[in-house]
Structures are given as structure tokens and as C-alpha cells.
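Undergrad: The sequence and its predicted three-dimensional model are supplied below.
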Amino acid sequence: MKKKTSERGFALIITIFAISFVLLILMTVSVHTLTTTRMLQLRLRYQGQGLNAAHAGLIEGLDWFRRQTTQPVASFNPQRNLSATPPVNDTDVVTSPVSINREYQISSMGRIWGHYEVVRGTPGGKDQVVDLTQNRRGSGAGTGAVWQLQSLGGVYIRNDPSVAWNVAPNIVIARRTLLAEIQRVTVNLPAAAAVIIQAAGLNGARIGTTGNSRARVIGGSTGIGVASVSGAPTVDIVDTPVSVLSGTPASSNGLAASSFTIPNVFGVSTIADLSAVADISASSVAAVPNPIRTTSIIVLNMGAGTATFDSSNPLNGSGILVVNGNLTINGGNCSFNGIIFVTGNYTQVGPSSINGTVMLGSAASTFTIRGSSDFAELFYDRFILQQIALQLGNYRFSRPAYMPCNTNDPSCKSSIFED
């Protein structure tokens, strides 16, 4: 009897032990599942933060290029020297190869930190920060005009600040890489003039028309009225003194035809390249806001057509307006400050006022300005042009941020070198 009781007690102990063991396993699995789920939720939550960090790296990279005193920039070389006057603080950490390397706290709860790095690449390589000028513009294009930026952004749990962000015991919970392309825009007008034209025949520039005079082209004391290529000035003034051409001198010639090209004026290869860096690139004046945001680059690709601004679609604002085609400013109290570059014919009707420079890029283009019930006016303004060159003649994003190809996807052509 005692033996059976002992056996039953032993069996009960075994049963309790087995049940406890099973419960322990279930509890362990449950805790592991819960921990994994929470980590997954954390990773998903901070994926966007990883992209934000990578994007911040691109923005600071662009800003670094813009700040350099020597332009165009020949080498990506961020420095750190806090004892200099003024202090140089391009990066938080000096690395090899050189980089912009920053970290910032996202949340004190959980010790969540963000990190981004923009690293100098090998010349001629495909990764990191590399000069793309000759890839984009040909072997004779020089250096420093076009750059690829690559930024790695990360989010991690900062368990040990003495080691790198991606080294244990720190835990990386999100990592994203973004690339972008920047391109330098220059402003290099061939003459300080209200009107710059190539046309060599009569009536290349007509100021006023019969019955519609009240047109003024004013170069002022610092600018020429109409500047043209070699040969006699091609200016026809109708109904003086109501229509006026003046300047220092009123007209001049001797410009080289080669100075009228897009590469010479804006430092980019084609209008397509200029469209890539423009704030607005469109094929209709309806896409141009009223007023235009201060100091914008606007490219209108009209083909053989005409971009017409009037009271329904007025031209008001400042910046650089490039029209691939014809341009007509048909009254409507239009007022624009800056540079207007037209590949076709230019017509301006009053009431309207342009301050800066109008330039016609083709030898076949004609310039006409005429009043109506009110004046059509074009004034050369050196100070406006200086501001335009200062604010817009710099590096700009020419290809928006994008994620690089997965190396396991041979069909992907995200890389700039595989376009």
C-alpha cells in the first residue's frame, strides 16, 4: 500500500514538473513573441525617422557646397576646427574618408537617437559623394558643376555613447540611404543692358509701333539700352519722343554670338538641365503662380508656341524666367524683376513693367515693345541682377532624393550612372 502511495506521489511530482516546464516554455515563447512584436513595431515606427535623417544629410550636404568661398567646388572636404575664428563645424566627428557626420536625440525615453553621414567617395566611383560633371556634360566639361550626394540615415537605441552608432551594445532600429544630384547654376550675361539680342537685320529690336507708341527701354547710367552682336545696332524707334530708348550708351554692338548659348549664360548644358533645377518647369503659363515666389527659376517649354501673360495669367514676381519658344507680355499690369531669356520672339505690350534684363537667345528672334493706353517699360537694373545672381547662381537639387537600387534586383536602374 505504501509502495503504491509512493508511486502516486512520484507521478504527481513528475506531472507538476512537466506542467511547470510546459508553462515555462509557453511563457518564454510569449515573452519572446511580445518582445519581437514590440521591436518590430518600434522598427516600423522609426522607418520614417530614418528617411528624415537621410534627407537631413542631403540638405546639409547641399548647404556645405553653397557655403564654400571658391566656386565651383572642386573637392568635398568637410572640416572640424572649433578653435578657428570663426569656428569650423562641418561635422561632429572627424572621419576617414572625410564626411559630414551628425547625431541628434529623438527621444529621451528609450534613448532613441538619430544619425546621418554624408561621406566622400572615390573619384570616378558610383557611391557616396562624387563629382558627376564629366558624366553629365562630357569629358571637356571640367569639374565641380554637378555632384552626386549620398546620405545614410539611421535611428538607434543609444546604450553606449562611447562606441559608434551601429556597434553593439547600441541597437540599430532603422536605416535608410538616399541619393540626390546637385547642379550649379551661374548667371553670366554677355552685356550690362536692358535688351540683349543677336539679330543682325533691321527691326531686330522695335521700340513702339505706329499708333501704339508709349514704349520705354531705359539702360540708365549703368547699363546699355540695347546690346547686339557685331554689326550695326538693330533698333527701330517709332514715334519719338513718346517712345524712348536711352542708356550708356543707348545702343551698342560687338557681342560674340557664342555668348548667347545656354551653357555660357546659365552654366548648364541644355534647357532640359535648367528645367531640372527650376522651381517651376511647365509647358503652360497656367502653371506659373501669381505672384511668383521671390527669386524663383521658371522654365516654360512652349516648343513652337507662345507663352502669353495677360490680365488672366499675369506675370508678377522676381527671378529667372526662361521661355523655350515665344513670349508675349500682353498688358495686364504685369511686373517682373529679374532676367527673362527667350529662345523665340519677345513682345511686350503696356501696361507692363520689367526691371532687369531681357535676352533673346536666337539670331532669328525679334524684340518688340509697344504701349497701348499706358506705357510698356523695360528698365535695366544692376542691383536686381546682382541679387538674382547671388541668390540663384549656386548649387541646387537637379534630381530629387531617391533610394538606391537593391543589389539583388538587376533590372533596377535607379543609379545615376545607369540612366
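TA: Yep, it's here.
Undergrad: residue boundaries of the helices in the chain?
TA: For the chain, applying DSSP state H gives helices covering 2-67, 133-137, 262-266, 271-277, 382-392.
Undergrad: Out of the ones you listed, the one nearest E103 is which?
TA: helix 2-67 (9.4 Å; Cβ to Cβ). The way it works is simple: take the backbone N, C-alpha and C, and place the C-beta from them, glycine included.
Undergrad: Thought I112 was touching E103, still the case?
TA: No: in this structure E103 lies outside contact range of I112 using Cβ atoms under 8 Å: 11.5 Å.
Undergrad: what about A272, how many residues close to it?
TA: 13 (other Cβ atoms under 10 Å).
Undergrad: got a pLDDT number for it?
TA: We note a pLDDT of 90 for A272 in this prediction.
Undergrad: can you check L44 too?
TA: 56.
Undergrad: Surely S335 is in contact with G356?
TA: No: between S335 and G356 there is no contact under Cβ under 8 Å: 11.2 Å.
Undergrad: between the two, who's got more neighbours?
TA: More crowded of S335 and G356, by other Cβ under 10 Å: G356, with 26 against 18.
Undergrad: Now do the strands in the stretch 251-400 of the chain.
TA: 251-255, 280-282, 296-309, 316-330, 334-342, 346-349, 352-360, 367-370, 376-379, 395-402 (DSSP state E, counting those that start in this stretch).
Undergrad: give me the low-pLDDT residue ranges for the stretch 51-200 of the chain?
TA: In the predicted model of the stretch 51-200 of the chain, residues 200 satisfy pLDDT under 70.
Undergrad: let's see it at 90
TA: For the stretch 51-200 of the chain, applying pLDDT under 90 flags the ranges 71, 107-111, 123-127, 133-143, 185-186, 198-200.
Undergrad: and P291, which of the helices of the chain is closest to it?
TA: Sorting those by Cβ to Cβ, the top spot, which is the nearest, belongs to helix 382-392 at 15.3 Å.
Undergrad: That closest one packs against which elements?
TA: strand 316-330, strand 334-342, strand 352-360 (3 or more Cβ pairs under 8 Å, 6 or more residues apart in numbering; DSSP states H and E).
Undergrad: Just the buried positions in that helix, please.
TA: I384, L385, Q387, I388, A389, L392 (16 or more other Cβ atoms under 10 Å).
Undergrad: What is the nearest of those residues to Y116?
TA: The closest of the buried residues of helix 382-392, once distances to Y116 are taken by Cβ to Cβ, is L392, at 27.1 Å.
Undergrad: What number of residues are in the vicinity of T306?
TA: Count around T306 with other Cβ under 10 Å applied: 17.
Undergrad: now swap in T15 and tell me
TA: T15: 10 neighbours (other Cβ under 10 Å).
Undergrad: do you know how far it is from V22?
TA: 11 Å (Cβ to Cβ, to the nearest Å).
Undergrad: Likewise for A164?
TA: If you go by Cβ to Cβ, the gap between A164 and V22 works out to 43 Å.
Undergrad: ok, and the closest non-adjacent residue to V358?
TA: I340 (4.7 Å; Cβ to Cβ, 6 or more residues apart in numbering).
Undergrad: next one: A145
TA: Using Cβ to Cβ, 6+ apart, the nearest residue to A145 is T133, at 4.6 Å.
Undergrad: Ignoring the adjacent residues along the chain, who's closest to G114?
TA: A53 (4.5 Å).
Undergrad: Hmm, Y156 and that neighbour touching each other?
TA: No: at 10.2 Å, A53 does not count as touching Y156 under the criterion of Cβ under 8 Å.
Undergrad: Settle it for me: which of the two has more neighbours?
TA: A53 (28 against 24).
Undergrad: Contacts only, for that one.
TA: Going by Cβ atoms under 8 Å, 6 or more residues apart in numbering, A53 touches G114, H115, Y116, G153, G154, V155, R176.
Undergrad: Could you do Q348 as well?
TA: Neighbours of Q348 in contact, by Cβ under 8 Å, 6+ apart: T328, I329, I354, V358, T368, I369, R370, A376, L378.
Undergrad: got it, and N81?
TA: P87, V88.
Undergrad: Equivalent analysis for Q391, please.
TA: Counting by Cβ under 8 Å, 6+ apart, Q391 has contacts T295.
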